[in-house]
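Peer 1: The amino acid sequence is not available; the structure is as follows:
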Ligand SMILES: [Fe+2]
């Protein structure tokens with residue numbers, strides 16, 4: 001059977017590449033620290049020596065619109081084009097082509113359906129920065145095949161935090177049951193407190209630093225009970241109009257265990273808190 005060798009959950013900041021590759025005199029003061037933290041985080045994936053990446057992200061209305069909006073979707077393509085025009089123009093993110101792992105996508109889709117999770121699928125998925133940002137940060141050589149999974153964190157009604165957790169558990173089972181000797185890493189991105197286009201967007205911290213610190217503690221200790229007790233759609237909306245991206249962190253905790261994280265780091269940036277977590281399955285730990 002395939003072996004999950006690492007689970008990574010992080011924020012996805014589309015300006016990382018631009019911020020850290022600009023001429024030094026144009027860089028924001030936090031850029032060198034940011035780069036150092038990302039490179040340390042990258043090592044947590046490298047040391048797990050994965051063969052294939054299950055990537056969890058959320059389309060930012062680039063390919064999926066309100067005419068047909070799945071809650072959960074798995075990509076089943078041979079390869080995936082990535083990066084939309086506005087992401088190139090605004091964020092300076094280059095185009096990518098990601099190789100797919102069709103056999104694993106097929107197996108995982110069937111497994112998720114067998115577990116009563118009605119995943120939509122796409123053989124023509126194009127990937128946006130929710131999946132390309134972690135490729136840039138933790139696997140910039142882009143040398144591994146992927147199974148992309150999209151969740152709906154943007155267009156209400158959204159599924160509950162509990163459902164996201166359960167989907168994470170089901171993804172974990174689908175990985176564990178995949179008949180293969182592959183080493184699999186699951187990598188998902190979302191947000192802590194975040195405000196986009198609202199009055200709290202351009203503050204010195206994220207819109208809700210109290211939530212951010214609490215959320216990091218919950219993920220660090222793997223305390224899914226506290227998360228499910230305290231995090232609701234209403235509480236996330238109060239923490240910032242795009243805080244629902246935290247649902248993807250909840251999903252990743254489902255993939256991981258839930259258990260305490262083995263690696264935790266964060267960085268307070270202008271208007272947002274960056275956070276980086278890695279879990280190693282205890283049986284796979286060296
Ligand atoms: Fe995002």
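Peer 2: Thanks, I have it. Note that the structure is predicted; figures quoted are calculated from it, not measured.

Peer 1: Show me what the strand or helix carrying residue 278 is packed up against.
Peer 2: Following DSSP states H and E, one finds residue 278 within strand 272-279. Under the contact criterion of 3 or more CB pairs under 8 Å, 6 or more residues apart in numbering; DSSP states H and E, strand 272-279 touches strand 3-11, helix 31-46, helix 209-221, helix 246-256, strand 263-269. (Glycine included, C-beta is placed from N, CA and C.)

Peer 1: what's the most buried one of these?
Peer 2: helix 246-256 (a mean of 28; mean count of other CB atoms under 10 Å).

Peer 1: can you list the residues that contact that one?
Peer 2: 4, 7-9, 56-58, 151, 153, 158-159, 161, 164-172, 175, 186, 188-193, 215, 219, 222, 224, 227, 231, 236, 277, 279, 281 (CB atoms under 8 Å, 6 or more residues apart in numbering).

Peer 1: picking up where we left off before, looking at the helices and strands packed on strand 272-279, which is nearest to residue 119?
Peer 2: Within these, the stretch nearest residue 119 is helix 246-256; the backing value is 12.9 Å (CB to CB).

Peer 1: tell me the angle of the closest one relative to strand 272-279?
Peer 2: On the basis of axes from the mean of the first three to the mean of the last three CA atoms, to 10 degrees, helix 246-256 is oriented at 10 degrees to strand 272-279.

Peer 1: Pull the distance from helix 246-256 to the chain's centre.
Peer 2: 9 Å (CA atoms, centre = their mean, to the nearest Å).

Peer 1: Need the three-state assignment for residue 150.
Peer 2: Classification of residue 150 using DSSP: H, G, I helix; E, B strand; the rest coil returns strand.

Peer 1: Quick check: bridge partners of the closest residue to it other than its chain neighbours?
Peer 2: Of all residues beyond its chain neighbours, the one nearest residue 150 is residue 73 (4.5 Å), with distances taken as CB to CB, 6 or more residues apart in numbering. With DSSP bridges applied, residue 73 shows beta-bridge pairing to residue 120, residue 150.

Peer 1: neighbours around residue 73, how many?
Peer 2: Neighbourhood size, residue 73 [other CB atoms under 10 Å]: 22.

Peer 1: ditto for the one 5 residues further on
Peer 2: In terms of burial, residue 78 registers 11 neighbours under the definition other CB under 10 Å.

Peer 1: Tell me which residues touch it, please.
Peer 2: Applying CB under 8 Å, 6+ apart, we find residue 78 in contact with 99, 100, 102.

Peer 1: Confirm for me that the second one is in contact with residue 145.
Peer 2: Okay, so that is residue 100. Yes: Residue 100 is within contact range of residue 145, at 6.0 Å (criterion: CB atoms under 8 Å).

Peer 1: Which members of the contacts of helix 246-256 occur in strands, if any?
Peer 2: Among the contacts of helix 246-256, DSSP state E puts 4, 7-9, 56-57, 151, 186, 188-190, 277, 279 in strands.

Peer 1: Any idea how many residues pack against residue 119?
Peer 2: 22.

Peer 1: Would you check how far apart it and residue 280 are?
Peer 2: Look at residue 119 and residue 280: by CB to CB, to the nearest Å, they are 27 Å apart.

Peer 1: now do residue 202
Peer 2: Relative to residue 280, and taking CB to CB, residue 202 is found at 37 Å.

Peer 1: With residue 69 instead?
Peer 2: For residue 69, the distance to residue 280 (CB to CB) stands at 35 Å.

Peer 1: Residue 92 now?
Peer 2: In terms of CB to CB, residue 92 sits 33 Å off from residue 280.

Peer 1: Between those two, point out the one with more neighbours.
Peer 2: residue 280 (20 against 14).

Peer 1: Surely the more buried one is in contact with residue 5?
Peer 2: Yes: using CB under 8 Å, residue 280 is in contact with residue 5, at 7.2 Å.

Peer 1: Can you pull the residues that touch both of these two?
Peer 2: With CB under 8 Å, 6+ apart, residue 280 and residue 5 have common neighbours residue 48.

Peer 1: Skipping its backbone neighbours, what lies nearest residue 10 in space?
Peer 2: Using CB to CB, 6+ apart, the nearest residue to residue 10 is residue 276, at 4.6 Å.
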